[in-house]
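Q: Build the 3D model from these lines:
(one chain, ligands or ions: 1)
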Amino acid sequence: MHLTSARRTLVVTAALGLALASAPAVAQPQATASTNAPVKVTVTVKGPDGLLFKGKIKTKGHDVTTATGGTHRCDGTNGGANPSAVPTPTAALDDAAKKRHFTWDGTWYASFDDYSVDTIKNVSGGGIAYWNIAVNGTSIPVGGCQFKLNAGDKVAFTWTAF
Ligand code: B12
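A: Numbering: from 1, shown residues only. Next up is the predicted model:
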């Protein structure tokens, strides 16, 4: 009886040891960790008369330059929104524009540490509309340089009447 119990303890201990040995020693970083590694996202630009652009864009947070606003960072650290640089919707738009040779313009607001995206492909709101920014179908609650993008996100700039 005593011997059987000791043997069982031995077997259980050995099995536990094996399981522990095969487990990873350190927790692996999560896919959602805040890094500025390039991600692939889908960027869509919908104007008043239909689709102006749709494409898969490899992007990361970076400085952007607009004719009206000048050069500023656009890497998610804007306004202290993220502790370190990350990919963002406006940086993704900027990468799409560079890759596909179209223009966009935005006004810099120091108060928000961000751009308002005013014109894409020469289309502006014209006082009756604005360029709404949405990610995965939801309007973002901050400016386009403050919001963190993840791989596979769907980024939409949609001409939206007031
Ligand atoms: C009115 C308004 C708008 C209007 C402005 C134009 C108009 N016809 O009035 C419209 C509808 C265009 C708008 C758009 C957006 N807005 Co808005 N808007 C406001 C609101 C309610 C009042 C602003 C205002 O009139 N202030 C008074 C005037 C005298 O001050 P002003 O500095 O001159 O105001 C200008 C700026 O605020 C600018 N503006 C408006 N929104 C935004 C957003 C960003 C990121 C920037 C840089 C500038 C900007 O437009 C105003 C008029 O010219 C504020 C909330 C608030 N209480 O401040 C939110 C607010 C500023 N908006 C906000 C957001 C998130 C947006 C959007 C990004 C939403 C989206 N997902 O699309 C977009 C901008 C997208 C883009 N194209 O870049 C946030 C910004 C938060 C942040 N930390 O970045 C606020 C604070 C609302 C909130 N969530 O609490 N907005």
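Q: So for Val11, what's the pLDDT?
A: Val11 carries a pLDDT score of 47 in this model.
Q: can you tell if stretch 76-91 touches the ligand?
A: Yes. Using CB under 6 Å from any ligand atom, stretch 76-91 reaches the ligand at Gly79. (Each C-beta comes from the backbone N, C-alpha and C, glycine too.)
Q: Skipping its backbone neighbours, what lies nearest the residue of the chain found nearest the ligand in space?
A: Nearest residue of the chain to the ligand, counting by CB to the nearest ligand atom: Gly143, 2.7 Å away. Leaving aside its sequence neighbours, Gly143 sits nearest to Asp114 (CB to CB, 6 or more residues apart in numbering; 3.2 Å).
Q: quick one: that neighbour and Ile133, what's the gap?
A: As for Asp114, its distance to Ile133 is 11 Å (criterion: CB to CB, to the nearest Å).
Q: hey, what's in contact with both of those two?
A: Common contacts of Asp114 and Ile133, defined by CB atoms under 8 Å, 6 or more residues apart in numbering, comprise 90, 143-144.
Q: circling back: the residue nearest to Gly143 contacts Cys145, doesn't it?
A: Yes. Asp114 lies in contact with Cys145 (CB atoms under 8 Å); the separation is 4.8 Å.
Q: between these two, who's got more neighbours?
A: Neighbours of Asp114 and Cys145, each counted by other CB atoms under 10 Å, are more numerous for Cys145; the result is 29 against 26.
Q: ok, now which ones touch that one?
A: If you count contacts by CB under 8 Å, 6+ apart, Cys145 has them with 61, 64, 72-76, 78, 88-91, 113-115.
Q: and if we set it to 6 Å?
A: Taking CB atoms under 6 Å, 6 or more residues apart in numbering as the definition of contact, the neighbours of Cys145 are 74, 78, 88, 90, 114.
Q: Can you read off the pLDDT for the third one?
A: At Thr88 the predicted local distance difference test score is 98.
Q: Next, it: phi, psi?
A: Backbone dihedrals for Thr88, given as degrees, to the nearest 10, come out at phi -140, psi 160.
Q: who's in contact with it?
A: So, once contact is read as CB under 6 Å, 6+ apart, Thr88 ends up touching 61, 74, 76, 145, 147.
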